[in-house]
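Trainee: Predicted model and sequence follow; I will ask about them next.
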Amino acid sequence: MKNLEAYLLEIQSFLKDYLDKSGCKAYVLGLSGGVDSSLVAALARKAVGKDKLYCYCIDIESNPKDIEDAKKVAEQLDVNLEVISLTETYHSYLKDLKGKDFLRLSKSNLKVRMRMCALFAYAQEHSGLVLGTDNWDERYVGYFTKYGDGAADILPIVHLTKQEVRESSKILGISEDLYNRVPSAGLFEGQTDETEMGISYVDLDNYLIGKEVNLEAKKRIEHLHKISEHKRVEIPSPKPPKR
């Protein structure tokens, strides 16, 4: 992007204006310690101030390092942060669902949806709106949980590639160890975004901005985009009846 700093100011202006026009009082954000949520926190903090931004780190079997990183981001940006543990709730829920033998992906998506349910509950308590953290890469290939992290009121960074997210984080004062962290949703030990997607963020970034990528990566990206289309469109329904 030719003028990333100018675009970041546009996002901040959008966030401030949207909140003012919405009639709501604050923004609510799930802060994981990862670069995407850190950037959204930084943008919202600059847009509406500390008192109109509530950040929550929802711990569901989370890596302790992720929680520490979330606290570090909150300290760097001077934002409100509360750590909430839903680990026991998650295991109780899984037991009630008789889900002991669920697929790992089903269990992982359940965690993500529980986190988002919590954020929307807090948003209602604060008369607020939930900020999403999906970037352009994730949105394009559907690397988000339907009705989980994909369920948000606003997607502030959805037009930024992963590299632009990192560059933006650097501009807004997030420390290098955080914005260069290996991207992971932290849902199970050893999980990384790139391993799950089967492509690198470098290839995905290049594809999105029109640069050449190898044939294997191109096919993988286009396959993921096609099979995830249902995540990006309005909920299907039949034609309305004649009245």
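Mentor: Yes, it's here.

Trainee: Select the longest helix from this structure.
Mentor: Of all the segments of type helix in the chain, defined by DSSP state H, the longest one is helix 104-125.

Trainee: Can you name the helix or strand that the spatially closest residue to Ala123 that is not a sequence neighbour falls in?
Mentor: If you skip the residues right next to it in sequence, Ala123 has Val28 as its closest partner in space, 4.2 Å away by C-beta to C-beta, 6 or more residues apart in numbering. (Each C-beta comes from the backbone N, C-alpha and C, glycine too.) Assigned by DSSP states H and E, Val28 falls within strand 26-30.

Trainee: and the helix or strand following that strand, what does it pack onto?
Mentor: Per DSSP H and E, strand 26-30 leads on to helix 35-48 as the next helix or strand towards the C-terminus. In terms of contacts (3 or more C-beta pairs under 8 Å, 6 or more residues apart in numbering; DSSP states H and E), helix 35-48 is packed against helix 4-22, strand 26-30, strand 53-59, helix 64-77, helix 162-171, helix 176-179.

Trainee: For the first one, give me every contacting residue.
Mentor: Spelled out, it's helix 4-22. Here helix 4-22 makes contact (C-beta atoms under 8 Å, 6 or more residues apart in numbering) with 1, 25-27, 43-44, 46-48, 52, 129, 154, 156-157, 164, 167-168, 171-172.

Trainee: Where does the prediction get shaky in this structure?
Mentor: In the predicted model, the chain carries pLDDT under 70 at residues 183-188, 190.

Trainee: The longest helix of the chain: which residues count as buried?
Mentor: Neighbour counts using 16 or more other C-beta atoms under 10 Å place 107-116, 118-120, 122-123 of helix 104-125 among the buried residues.
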